[in-house]
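S.K.: Sequence first, predicted coordinates after that:
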Amino acid sequence: EIILAIETSCDETSAAVIQDGNHILSNIVSSQIESHKRFGGVVPEIASRHHVEQMTLIIEEALKEAKVGWKDLSAIAVTEGPGLVGALLVGVHAAKAIAFAHQLPLIGVHHIAGHIYANQLVTELKFPLLALVVSGGHTELVYMETQGQFEIIGETRDDAVGEAYDKVARTLGLPYPGGPHIDRLASMATESIDLPRAWLEENSFDFSFSGLKSAVINVVHNEKQKGNEVNHESVARGFQESVIDVLVTKTRKATEAYPIKQLLLAGGVAANKGLRSALEMQFKNSKVELIIPPLHLCTDNAAMIGAAASIKYQQGQFSDFALNGNPGLDLEEQSIKNKRLS
Ligand code: ATP
Ligand code: MG
Ligand code: FE
């Protein structure tokens with residue numbers, strides 16, 4: 001089957017054409033980062049306006065690059081949530097208009113299901129599996145017994161990892177989004193400052209990053225107050241070491257607690273070089289197969305939405321024209337629907 005997928009949940013306008021759930025015919029991503037940079041974060045109104053301006057062009061480009069016409073499409077998929085409501089609505093309305101005009105089935109996709117299914121564009125998924133989702137708004141360990149079934153076994157109780165990266169970067173005066181800058185500084189560091197790790201309860205797979213973020217802000221402010229020069233590279237290294245230590249340790253414990261075949265890395269922070277290599281080291285001689293998507297499939301893109309939509313297409317799970325942008329869409333509820341239908 002051939003699916004046209006649309007993603008507009010945050011600050012990337014993207015359209016992709018995906019064949020049989022794993023073959024990318026095109027994946028066009030237009031980033032708005034330059035427009036949001038001077039505000040130090042994503043401004044929702046500006047994001048929506050950019051999506052409106054870009055949407056038609058990006059869809060046309062995706063079809064052109066894939067060399068397919070409307071008649072070749074089997075369905076149209078779109079991120080229905082979570083995300084910024086105004087941004088989501090642009091994609092959802094575009095998808096509904098196309099579905100109506102070209103009589104195509106419509107498929108609403110959960111954004112995080114998309115991040116996870118980005119891995120299906122890399123290799124065949126084998127269940128049961130575990131996904132470590134690390135992005136701008138989410139930090140979760142997701143257990144999947146089979147296709148389309150999502151169980152969150154651990155999640156952040158406060159900040160998402162990407163959010164912590166961006167706030168620490170802002171404290172160091174680095175531009176938005178800060179993740180890649182911290183990653184680069186950390187790799188250049190010759191030493192690192194000691195920062196706390198939030199392990200929480202003994203057997204918990206939950207995370208917490210706001211204490212670490214505050215610790216960084218305190219160190220930087222205290223040194224400034226004393227008139228000392230703060231070594232940004234050591235701060236970045238110390239912060240990244242704390243994050244990776246907790247993520248990798250908890251993920252390893254989770255892989256021991258669940259009978260899984262694969263571990264998938266997912267979300268924008270999956271682009272982090274330190275995290276990628278720490279996981280590769282940890283699972284080098286493991287029975288668990290580690291899958292890490294290439295960088296361009298880690299951050300927001302429509303190809304991953306098309307990959308996730310392909311499963312729903314095969315399971316006959318379509319949306320009707322009541323489909324709406326839902327900023328609070330629940331990942332686990334997506335699988336309850338699966339169960340009822342199967
Ligand atoms: P969500 O997917 O939770 O809705 P989002 O879509 O805004 O949130 P993504 O686009 O998946 O988030 O990821 C963006 C986040 O990834 C930002 O916080 C950014 O700083 C972070 N990020 C990107 N590259 C890196 C990197 N190399 N190291 C650390 N963080 C990174
Ligand atoms: Mg983004
Ligand atoms: Fe995302």
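M.R.: Thanks, I have the structure now. Numbering: from 1, shown residues only. Ligands and ions are numbered 1, 2, ... in the order given.

S.K.: close to ligand 1, is the strand or helix carrying Val219?
M.R.: Take DSSP states H and E as the rule and Val219 turns out to sit in helix 210-225. No - shown here: helix 210-225 not in contact with ligand 1 (CB under 6 Å from any ligand atom), separated by at least 12.4 Å. Bear in mind the C-beta positions are built from the backbone N, C-alpha and C, glycine included.

S.K.: and that helix, what other elements does it pack with?
M.R.: Judged by 3 or more CB pairs under 8 Å, 6 or more residues apart in numbering; DSSP states H and E, the packing partners of helix 210-225 are helix 161-171, helix 232-257.

S.K.: Give me the buried positions along it.
M.R.: Using 16 or more other CB atoms under 10 Å as the test for burial, helix 210-225 gives 211-213, 215-216, 219-220.

S.K.: again, but for stretch 37-47
M.R.: Neighbour-count burial for stretch 37-47, counted by 16+ other CB under 10 Å, picks out 41-44, 46-47.

S.K.: Those into CSV, with extra columns for distance to Leu263 and secondary structure?
M.R.: Formatted as CSV, the buried residues of stretch 37-47 follow (distance: CB to CB, whole Å; DSSP: H, G, I helix; E, B strand; the rest coil):
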residue, distance to Leu263, secondary structure
Gly41, 31, coil
Val42, 30, coil
Val43, 36, coil
Pro44, 34, helix
Ile46, 37, helix
Ala47, 32, helix
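
S.K.: Please produce JSON lines containing those, extended by pLDDT.
M.R.: Conversion of those to JSON lines gives the following (pLDDT from 0 to 100):
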{"residue": "Gly41", "pLDDT": "86"}
{"residue": "Val42", "pLDDT": "89"}
{"residue": "Val43", "pLDDT": "89"}
{"residue": "Pro44", "pLDDT": "92"}
{"residue": "Ile46", "pLDDT": "91"}
{"residue": "Ala47", "pLDDT": "92"}
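
S.K.: Nearest to ligand 2, out of these: which one, please.
M.R.: Val42 (7.3 Å; CB to the ion).

S.K.: Just say which of the helices and strands packed on helix 210-225 is most tucked in.
M.R.: helix 161-171 (a mean of 24; mean count of other CB atoms under 10 Å).

S.K.: Show me what that helix is packed up against.
M.R.: In terms of contacts (3+ CB pairs under 8 Å, 6+ apart), helix 161-171 is packed against helix 179-188, helix 210-225, helix 232-257.

S.K.: contacts for it?
M.R.: 40-41, 134-137, 139, 159, 175-179, 181-182, 207, 209-210, 212-213, 216-217, 220, 235-236, 239, 243, 247, 267-269 (CB atoms under 8 Å, 6 or more residues apart in numbering).

S.K.: So what angle separates the directions of that helix and helix 232-257?
M.R.: Helix 161-171 and helix 232-257 are oriented at 170 degrees to each other (axes from the mean of the first three to the mean of the last three CA atoms, to 10 degrees).

S.K.: wait, does helix 161-171 make contact with ligand 3?
M.R.: No - counting by CB under 5 Å from the ion, ligand 3 is not contacted by helix 161-171; separation bottoms out at 8.5 Å.

S.K.: how about the residues of the stretch 101-250 of the chain near ligand 1?
M.R.: Near ligand 1, when you scan the stretch 101-250 of the chain using CB under 6 Å from any ligand atom, you find 111, 115, 135-138, 162, 165-166, 177-180, 183.
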